[in-house]
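Undergrad: sequence? don't have it. structure:
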Ligand SMILES: Cc1cc2nc3c(=O)[nH]c(=O)nc-3n(C[C@H](O)[C@H](O)[C@H](O)COP(=O)(O)OP(=O)(O)OC[C@H]3O[C@@H](n4cnc5c(N)ncnc54)[C@H](O)[C@@H]3O)c2cc1C
Ligand SMILES: NC(=O)c1ccc[n+]([C@@H]2O[C@H](COP(=O)([O-])OP(=O)(O)OC[C@H]3O[C@@H](n4cnc5c(N)ncnc54)[C@H](O)[C@@H]3O)[C@@H](O)[C@H]2O)c1
């Protein structure tokens, strides 16, 4: 049993912020140790986040499509949702991915431990597993410990479940008929949309006046308009307490200075995630459970040999962002700690997997107008004129492109409507590479696909 180890790089957390760096540095010849309590790769994204939630969503979309049989000239009944079977399908997806990741670990030279790491000081950590505790001396440290659900400090908050309860392996939360979702951010709207498509009648209580705040405002307003036909939404609702009376839950909230109560059979708390810092972080002068401050090279302030990519820095809590940050941290470590690779936060796209979807990248319209004033050119392509949208019967939606009026460089792209999540990737590349309208107009996107709308919008300036 080891009592002490020396490595080039120690990594806390094997999620999207941790493992890409581990594999890159391992392949580059560094001695790498990685520790994670899950004992496998994927972090929250695979355990309770992106992958299981999108698996359940996919089942819900199949059922939603079945409601459109008559539109396509088909007949047949809408299938019943079998919640247990859907969860079993979700588990199978997760387990298959875990098996693949296990093989990846086994094929590498990474010293991988199931356990947790604690900060001892700026030169060493302590690794704690079921079997042993030992010290690890490092040249570089990557703290990629992610985040956890934030629970409101209100009476009865322990009566609510959260996304981890819903999506973890072997989840046992029963299918609700009237779920009340506290929080209308990413998780709130995605869960409401998927549960409704599976047959539930959800309500969302959101304290601000917008669903998924922080997006381009037009996207949030579009989503609220579309979702309110299927979901009971209360904006400006300040939740005060949760009570339980036999099988029923009551959520008490204030709206317009008046008290209200909503009854349901499940309460889902989706009020954000807080950064999860390792024990001992205060020894480096940082408070626990707060975002770790990083430079654009992902170095922790005042500790250039320590990096903190992913949710733990609170800058962009998305899996693909964590992966990119992890790779950037790894490149800088491979360069001996020289800052050679920089994170471009503005070219990270985001997607909200509701029905319909939202996606965006770059400046929002509000930010662009603030920064560029009247020099912003805004072009909109309406799904109502799109062939594929017509074929799908999904003609409500738009692609909005924001250009710098002087040189027609793309500043931002925002999409509301079916397939938005697939359409955003080339636009993220365009923002990253500083492409202009001509570049977007003079590439042939396939027909009849909604991506043609990107060409068509850009041709406004480059016919
Ligand atoms: C319901 C839900 C749906 C989501 N859907 C999407 C989506 O569709 N698309 C998207 O891009 N993002 C999505 N996200 C966000 C995404 O899951 C996170 O942004 C991503 O997982 C962040 O990666 P990370 O590596 O920074 O953190 P994590 O994935 O949280 O990984 C951190 C790892 O560190 C481990 N750890 C914690 N403390 C220690 C310690 N002391 N020592 C060692 N290890 C430790 C944890 O166990 C964990 O495995 C979703 C999140 C949720 C909750
Ligand atoms: N599609 C995706 O990429 C995806 C999907 C799910 C989660 N995520 C990530 O996970 C993070 C966490 O998701 P989330 O939805 O929990 O957080 P969030 O920050 O997106 O939304 C939380 C919402 O809760 C609201 N809220 C806070 N206090 C409240 C109260 N007292 N009453 C009512 N509403 C209240 C906030 O105003 C906010 O709108 C997201 O920010 C995102 O980074 C991403």
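TA: Nice, I can see it. Computed from a predicted model, the values in this text were never measured in an experiment. Ligands and ions are numbered 1, 2, ... in the order given.
Undergrad: going forward, measure contacts and count neighbours with C-alpha atoms only.
TA: Fine.
Undergrad: which pLDDT does the model give residue 2?
TA: At residue 2 the predicted local distance difference test score is 60.
Undergrad: what about stretch 369-382, distance to the chain center?
TA: Here the centre of mass of C-alpha atoms in stretch 369-382, compared against the chain's by Cα atoms, centre = their mean, to the nearest Å, lies 27 Å away.
Undergrad: same thing with stretch 358-369?
TA: Per Cα atoms, centre = their mean, the centroid offset for stretch 358-369 relative to its chain is 17 Å.
Undergrad: next one: stretch 39-55
TA: 11 Å.
Undergrad: can it be found next to ligand 1?
TA: Yes: if you take Cα under 6 Å from any ligand atom as the test, stretch 39-55 does meet ligand 1, through 43, 44, 45, 48, 49, 50, 53.
Undergrad: assign the second one to helix, strand or coil.
TA: In three-state terms, and counting by DSSP: H, G, I helix; E, B strand; the rest coil, residue 44 is helix.
Undergrad: and the residue nearest to it when sequence neighbours are not counted, what's its pLDDT?
TA: Taking Cα to Cα, 6 or more residues apart in numbering as the measure, residue 44 lies nearest to residue 15, with 6.7 Å between them; neighbours along the chain are not counted. According to the model's per-residue confidence, residue 15 sits at a pLDDT of 98.
Undergrad: ok so residue 15 is a strand residue?
TA: No: remark: residue 15 does not belong to a strand; assigned using three-state DSSP, it is coil.
Undergrad: any idea how many residues pack against it?
TA: Number of residues near residue 15 (other Cα atoms under 10 Å) recorded here: 27.
Undergrad: what's the distance between it and residue 21?
TA: Taking Cα to Cα, to the nearest Å as the criterion, residue 15 is separated from residue 21 by 10 Å.
Undergrad: next: residue 352.
TA: Distance, residue 352 to residue 21, by Cα to Cα: 27 Å.
Undergrad: who has more neighbours out of the two?
TA: A direct count of neighbours by other Cα under 10 Å for residue 352 and residue 21 places residue 21 higher, at 28 against 21.
Undergrad: what's the host helix or strand of the more buried one in contact with?
TA: For residue 21, the element it lies in under DSSP states H and E is helix 19-27. Contact with helix 19-27 is made by 11, 13, 31-34, 41-42, 108-110, 323, 326-327, 329-330, 334, as judged by Cα atoms under 8 Å, 6 or more residues apart in numbering.
Undergrad: same deal with stretch 261-275?
TA: 146-152, 159-163, 176-185, 187-188, 247-253, 289-291, 311-314.
Undergrad: keep only these that also lie close to ligand 1.
TA: Subset of those in contact with ligand 1: 146, 147, 163, 187, 311, 312, counting by Cα under 6 Å from any ligand atom.
Undergrad: bridged to the second one, which residues?
TA: Looking back up the chat, that one is residue 147. Here residue 147 shows beta-bridge partners residue 275, assigned using DSSP bridges.
Undergrad: and the pLDDT at it?
TA: Model confidence at residue 147, expressed as pLDDT, equals 98.
Undergrad: how close does it sit to residue 15?
TA: Counting by Cα to Cα, the gap from residue 147 to residue 15 is 11 Å.
Undergrad: do the first one as well
TA: Spatial separation of residue 146 from residue 15 under the definition Cα to Cα is 8 Å.
Undergrad: identify the contacts common to these two.
TA: The contact sets of residue 146 and residue 15 overlap at 43, 44 (Cα under 8 Å, 6+ apart).
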